[in-house]
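**Q** give me a model of this one.
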Amino acid sequence: MERNIPQDFDKTILFPLLGHKKDDRTAENFLDKIYKHERKVEESLIDTFSRVNIHGMVKTDPFSLPYQKEIKVTMMGESYMNGPYEVFRLARKVLKQLLADEVYKIRFYVYMDIDVNARLLGKIDYYFRYYEHDTI
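**A** Numbering: from 1, shown residues only. Sure thing, here's the model as predicted:
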């Protein structure tokens, strides 16, 4: 899966991910940090799902999952820099859709695409891709 790597790492939307040190703003560090954040989001979602009786699992290599459905959540950059990275904002929208569709057993992964040039402060597109298993 080809990841979109920003050309300019000095954009405000990247600071919560990469930090403020100039030396930490590299393509390699970006890829490492975004991968770790995606795994952190998945762990948090699994915990949230278990509280509402949705059985969620993630493969060891998440991008190898042949997904059936996708929920796209876009978070715009804002003056509160951590806002687009807060997991509960994503979880609300994903959980709302899963409950509406009566989905109770899934394998999933989260893919992030950061657009530093969108509008004034950039945006993050979260792609919640999942494969629905038969209902328990």
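
**Q** show me where this protein has strands.
**A** 55-57, 69-76, 105-115, 123-132 (DSSP state E).

**Q** which of these sits closest to residue 27?
**A** strand 105-115 (12.6 Å; C-beta to C-beta). To be clear about C-beta, it is placed using only N, CA and C from the backbone, and glycine gets the same treatment.

**Q** one step back: can you redo the strands of the chain as a markdown table with distance to residue 42?
**A** Putting the strands of the chain into a markdown table (distance: least, C-beta to C-beta, whole Å) gives the following:
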| stretch | distance to residue 42 |
| --- | --- |
| strand 55-57 | 8 |
| strand 69-76 | 14 |
| strand 105-115 | 5 |
| strand 123-132 | 9 |
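
**Q** for residue 69, which non-adjacent residue is spatially closest?
**A** What sits nearest to residue 69 in space, not counting adjacent residues and going by C-beta to C-beta, 6 or more residues apart in numbering, is residue 130, at 5.8 Å.

**Q** could you do residue 125 as well?
**A** Once flanking residues are discounted, residue 125 sits nearest to residue 113: 4.5 Å by C-beta to C-beta, 6+ apart.

**Q** that neighbour contacts residue 127, correct?
**A** Yes. Under the contact definition of C-beta atoms under 8 Å, residue 113 touches residue 127, with a separation of 7.1 Å.
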